[in-house]
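*Asks:* give the three-dimensional model of this entry:
(chains A and B)
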Protein chains: 2
Amino acid sequence: MASRQVPKVLKREVVAQSRLLRIEAVDLKFSNGEQRQFERMQGSGRGAVMVVPFVDDQHIMLIREYAAGLHDYQLGFPKGLIDPGETPEQAAQRELKEEIGFGCEELNRLAEVTMAPQFFSAKMTLFTARSLYPEQLAGDEPEPLEQIVWSLDNVDELLAQPDFTEARSVAALLMTLRQLKK
Amino acid sequence: MASRQVPKVLKREVVAQSRLLRIEAVDLKFSNGEQRQFERMQGSGRGAVMVVPFVDDQHIMLIREYAAGLHDYQLGFPKGLIDPGETPEQAAQRELKEEIGFGCEELNRLAEVTMAPQFFSAKMTLFTARSLYPEQLAGDEPEPLEQIVWSLDNVDELLAQPDFTEARSVAALLMTLRQLKK
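*Replies:* Numbers count the residues shown, from 1 in each chain, chains lettered A, B, ... in the order given. You can find the predicted model right below:
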C-alpha cells in the first residue's frame, strides 16, 4: 500500500528537558505544502518489554504497582526498559526475575506495540512466558510488588477491574487469548 | 481487594515545560519508608476518545495519519482530545466528523484505558460507532487523512501490518471483536 511521503523536517529544537525526558519541537512541511509545528518526546530510545506469565495453562500472573502518573496502584503485567546490550528476550527474562521472582523456559513473542506515536517513538515488545521456574533478581522497585494469579476463565472480570486500564496490558492480554484460540 | 496506601507526596516541582507538555518531579515516601523521586508528565488533563467506526456489520474504517513521534505514517482509529465542555460521546461524534466525514446514530462505550500510567494521567474512552451518516466537520489536520476500509475477516492481516502498532488501537480492535462474539 503506497504511503505518503513523510513531511520534511525544517527545524528541530529541544524546548524542555528533565533528568529522564526531553521534549522536542519539530517544524514540519507536509507534502501538500502545509507547515506545522509538532511537539514530541524523546525518551531513552532503549525500547521496552512486557510479559504475560503463565502459571499453568489456565492461570496468568499480574502485578500491582504504584503508578506515579495516576498516583494510584495499577494492575498489569511485568514490564520494563531494555538495558544496554540486552536483547528483548533477555530483558523479558530479567524483568520476570526482578518483578515476580521467576524465569521461564518458554518465551513467545506476541507483537511490538507503540504508545501515542504522535508524541513518542518508544516501542514495546510483548511476550508470553511459560514453564516458569523460581529465580529472584534484585530490582529497583521501592517496595515489593503485589502478585495476583488470575484465571483465564475470568477475563471479563479482569477487563472490568478499575485498576486494569493500561492499554498495553489490555492489548497483551487480548492478543494472548487470541493466540490461545488458534 | 485491599490495595496499599498510596505513597506520600513529599514535594512536587515542575522541572521542564514546553508549549503543550509539562514534566513534574515528585518526591515520594512509600508505606515501607522508602523514598524515591519519580518524574511524570502533566498533559492537558482533558481526556481523549478513540472510535472504531463500522461501515457495515463486516467492515470497519481506519485512518492513516502522520505520527511525529515515529516520523512516519500510522494506521489507527479516529481519535482526539475532548474539548472543554464536551462529553466523551460528543467528542467522539466530532472526531468522526472531522477525521472520516461521518457522524453516527449508535455509539457504544467499550472501555476507558490509560497509557503508561507510571508517567501519565491521561485517560482515553474507547467507543464503537454504528449507523454512520455523512457529515463533514473541518478539523485541524495539516492534510486530509487517508481512509481505509478493513474487513473483520482479515483481522490477523491488520494485526500484522507494520504500521498498525498503537497499543490503544490494538486494544480497541480486540475489545470490539470480543464484544461481537458475545
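
*Asks:* helix, strand, or coil at A:T176?
*Replies:* Classification of A:T176 by DSSP: H, G, I helix; E, B strand; the rest coil places it in helix.

*Asks:* repeat for A:N108
*Replies:* A:N108 - assigned by three-state DSSP - is strand.

*Asks:* please save the CA atoms from stretch A:127-144 in CSV.
*Replies:* What follows is stretch A:127-144, C-alpha atoms only, in CSV (Å, rounded to 0.1, in the frame of the first residue of the first chain):
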residue,chain,number,x,y,z
PHE,A,127,5.7,-11.7,25.1
THR,A,128,4.0,-14.7,26.8
ALA,A,129,6.1,-16.7,29.2
ARG,A,130,5.5,-20.4,30.0
SER,A,131,7.3,-23.1,32.1
LEU,A,132,8.2,-20.8,34.9
TYR,A,133,10.9,-21.7,37.5
PRO,A,134,11.8,-19.8,40.6
GLU,A,135,14.7,-17.3,40.4
GLN,A,136,14.7,-13.9,42.0
LEU,A,137,16.8,-11.0,40.9
ALA,A,138,17.0,-7.7,42.9
GLY,A,139,15.1,-5.0,41.0
ASP,A,140,15.0,-1.3,41.6
GLU,A,141,11.4,-1.2,43.0
PRO,A,142,10.9,0.9,46.1
GLU,A,143,8.7,-1.8,47.6
PRO,A,144,7.9,-5.5,46.8
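
*Asks:* what about it, near chain B?
*Replies:* Yes. Using C-beta under 8 Å from any C-beta of the partner chain, we find that stretch A:127-144 touches chain B at A:142-143. Bear in mind the C-beta positions are built from the backbone N, C-alpha and C, glycine included.

*Asks:* hmm, who's touching that stretch?
*Replies:* With contact meaning C-beta atoms under 8 Å, 6 or more residues apart in numbering or on different chains, stretch A:127-144 is reached by A:49-55, A:65-66, A:88-89, A:92, A:94, A:96-99, A:101-110, A:176, A:179, B:4, B:7, B:28, B:30-32, B:34-36.

*Asks:* one more time with 6 Å
*Replies:* A:51-54, A:92, A:97-98, A:101-109, A:176, B:30, B:32, B:34, B:36 (C-beta atoms under 6 Å, 6 or more residues apart in numbering or on different chains).

*Asks:* same question for stretch A:149-165.
*Replies:* Applying C-beta under 6 Å, 6+ apart, the external contacts of stretch A:149-165 come out as A:55, A:58-62, A:74-75, B:113-114.

*Asks:* quick check: end-to-end length of that stretch?
*Replies:* With C-alpha to C-alpha, to the nearest Å applied, stretch A:149-165 spans 17 Å between its terminal residues.

*Asks:* ditto for stretch A:149-167
*Replies:* Counting by C-alpha to C-alpha, you get 20 Å between the two ends of stretch A:149-167.

*Asks:* and it, what's its mean pLDDT?
*Replies:* Per-residue pLDDT over stretch A:149-167 has a mean of 97.

*Asks:* give me the distance from stretch A:33-41 to the chain's centre.
*Replies:* Computed by C-alpha atoms, centre = their mean, to the nearest Å, the chain-centroid distance of stretch A:33-41 equals 26 Å.

*Asks:* quick one: is it near chain B?
*Replies:* Yes. Counting by C-beta under 6 Å from any C-beta of the partner chain, chain B has neighbours in stretch A:33-41: A:34, A:36, A:38-40.

*Asks:* of the residues you listed, just the buried ones, ChimeraX syntax please.
*Replies:* If you want just the buried ones from the residues of stretch A:33-41 next to chain B in ChimeraX, going by 16 or more other C-beta atoms under 10 Å in any protein chain shown, the selection is:
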select /A:36,38,39,40
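
*Asks:* looking at the residues of stretch A:33-41 next to chain B, which are in strands?
*Replies:* Among the residues of stretch A:33-41 next to chain B, the ones falling in strands (DSSP state E) are A:36, A:38-40.

*Asks:* angle of the helix or strand of chain A with the lowest mean pLDDT against strand B:35-42?
*Replies:* Using mean pLDDT, DSSP states H and E, the weakest-scoring helix or strand in chain A turns out to be strand A:35-42, at a mean of 91. Angle, strand A:35-42 to strand B:35-42, by axes from the mean of the first three to the mean of the last three C-alpha atoms, to 10 degrees: 160 degrees.

*Asks:* who touches strand A:35-42?
*Replies:* A:22-29, A:119-120, B:18, B:20, B:68-69, B:142.

*Asks:* please point out which parts of the next helix or strand after that strand sit buried.
*Replies:* Using DSSP states H and E, the helix or strand that directly follows strand A:35-42 along the chain is strand A:48-56. Of all the residues in strand A:48-56, those buried under the rule 16+ other C-beta under 10 Å are A:48-55.

*Asks:* tell me the spacing between the residue sitting furthest away from the middle of chain A and A:K8.
*Replies:* Most distant from the centre of chain A: A:G33, at 35.8 Å, with distances by C-alpha atoms, centre = their mean. Distance, A:G33 to A:K8, using C-beta to C-beta, to the nearest Å: 10 Å.
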